[in-house]
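S.K.: take a look and give me a structure for this.
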Amino acid sequence: MQNNRLDYTNFLFGVNHTCAGTNPDSVADVFDTREMNAVSLPFDCFAAPSQDFLYRLNKQNYKKIHCGSLMEPGLSSQITSAAECFRDSFCTQASRNIDMLAQYGVSAAVLNLDMRTVLDSPEHIENAEIIIRKLIPALTRKKMFLLIPYRIPFGTQMNAPAARMACFLRNTMSPFVKLSVELHFDEFSPDTPPDDLFGMLGMELKELVFLYNADNGYRMIASILRYWIHYLAQFRFDGPFFIAPQSERCRFLLPEFDAFTKIVSTLYNE
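M.R.: Numbers count the residues shown, from 1 in each chain. This is a model prediction of the structure:
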């Protein structure tokens, strides 16, 4: 991997509050800083009665606003095994949510399918593809990206999951369907070649989420962030790079946010 000098001010950084489990009411008051130019928020932040929180969020600071849960994650993760009538109702509501999110400047929303289940079953693959295709008219109309979560490491012994994921995306036949990659850097060796992890998926990213167990002592550090920025830059990916530290009652979220802000500020000044 080339280590060419990059202008880090061209990249997007922020917190993925959906993955981190943040209380929406704390987002605007605590996490609004000039270093963070992107944010991912749970759907509840955009839905009544929580809309008033959006007026306290300085949206001018953010070049990208993502929604981390187009539909309730527990429902989304099971929808490919539901009856057709439930899937149809799901798609109708999801299309309405896309229209509503677009009003708040959301450019991408995550559909929380359980891809470990989906990619392991032809029936689930077919149902997932049908669901996604039914959302494409709304996505195209609003020019919004639908993000499918992909975990690294994938977490099963499935053969070539990245290749299967690339095939799945191709079969949706839409440029508005991309990936939210959840990178659990605490679960693989730092010596693992990134091409072994990403396969052919580098061109499909619309967000990278660093998930790590802060309760077990793992921390985001500058060398990790810099490494992945340089690797993904070859695919013209400029972010967002989100952090989502995992900790009981989010007790490490604020310290990690402060540390991440300092890391980004240092990169900006290099």
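
S.K.: what's in contact with stretch 226-243?
M.R.: Residues outside stretch 226-243 that contact it (C-beta atoms under 8 Å, 6 or more residues apart in numbering): 1-4, 6, 8, 10-16, 19-20, 38, 40, 64, 66, 183, 194, 202-203, 205, 207-210, 220, 225, 256-257, 260, 267. In short, each C-beta sits where N, CA and C put it, glycine included.

S.K.: how about the helices in the stretch 151-270 of the chain?
M.R.: All helices of the stretch 151-270 of the chain, identified by DSSP state H, counting those that start in this stretch, fall at 161-172, 194-198, 222-233, 253-268.

S.K.: want to throw the ones you listed into TSV with mean pLDDT?
M.R.: Conversion of those to TSV gives the following (pLDDT from 0 to 100):
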stretch	mean pLDDT
helix 161-172	94
helix 194-198	92
helix 222-233	96
helix 253-268	93
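
S.K.: okay if I get those helices as JSON lines plus mean neighbour count and distance to residue 154?
M.R.: Putting the helices of the stretch 151-270 of the chain into JSON lines (neighbours: other C-beta atoms under 10 Å; distance: least, C-beta to C-beta, whole Å) gives the following:
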{"stretch": "helix 161-172", "mean neighbour count": "18", "distance to residue 154": "4"}
{"stretch": "helix 194-198", "mean neighbour count": "16", "distance to residue 154": "9"}
{"stretch": "helix 222-233", "mean neighbour count": "17", "distance to residue 154": "17"}
{"stretch": "helix 253-268", "mean neighbour count": "18", "distance to residue 154": "25"}
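
S.K.: with distance to residue 98 added, can I get those in a markdown table?
M.R.: Rendered in a markdown table, the data for these read as follows (distance: least, C-beta to C-beta, whole Å):
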| stretch | distance to residue 98 |
| --- | --- |
| helix 161-172 | 15 |
| helix 194-198 | 27 |
| helix 222-233 | 26 |
| helix 253-268 | 28 |
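
S.K.: how about those, which one is nearest residue 92?
M.R.: helix 161-172 (18.7 Å; C-beta to C-beta).

S.K.: the closest one packs against which elements?
M.R.: Secondary structure elements in contact with helix 161-172, counted by 3 or more C-beta pairs under 8 Å, 6 or more residues apart in numbering; DSSP states H and E, are helix 115-118, helix 122-142, strand 145-152, strand 177-183.

S.K.: give me the distance from the third one to the chain's centre.
M.R.: Remark: strand 145-152 is offset 6 Å from the chain centroid, using C-alpha atoms, centre = their mean, to the nearest Å.

S.K.: where's residue 47 relative to residue 97, distance?
M.R.: With distances defined as C-beta to C-beta, to the nearest Å, the gap from residue 47 to residue 97 amounts to 8 Å.

S.K.: who has more neighbours, these two?
M.R.: Regarding residue 47 and residue 97, a neighbour count based on other C-beta atoms under 10 Å identifies residue 97 as having more, with 21 against 13.

S.K.: pLDDT score assigned to that one?
M.R.: Here, the pLDDT recorded for residue 97 equals 97.

S.K.: residue 29 too?
M.R.: As predicted, residue 29 sits at a pLDDT of 60.

S.K.: one more: residue 46?
M.R.: Reading off the confidence values, residue 46 has pLDDT 86.

S.K.: and the closest residue to it other than its chain neighbours, how many neighbours?
M.R.: Spatially, and ignoring its direct neighbours in sequence, residue 46 is nearest to residue 104 (5.5 Å; C-beta to C-beta, 6 or more residues apart in numbering). Counted with other C-beta under 10 Å, the burial measure for residue 104 works out to 15 neighbours.

S.K.: is it correct that residue 104 is in contact with residue 54?
M.R.: Yes - taking C-beta atoms under 8 Å as the definition, residue 104 is a contact partner of residue 54 at 6.4 Å.
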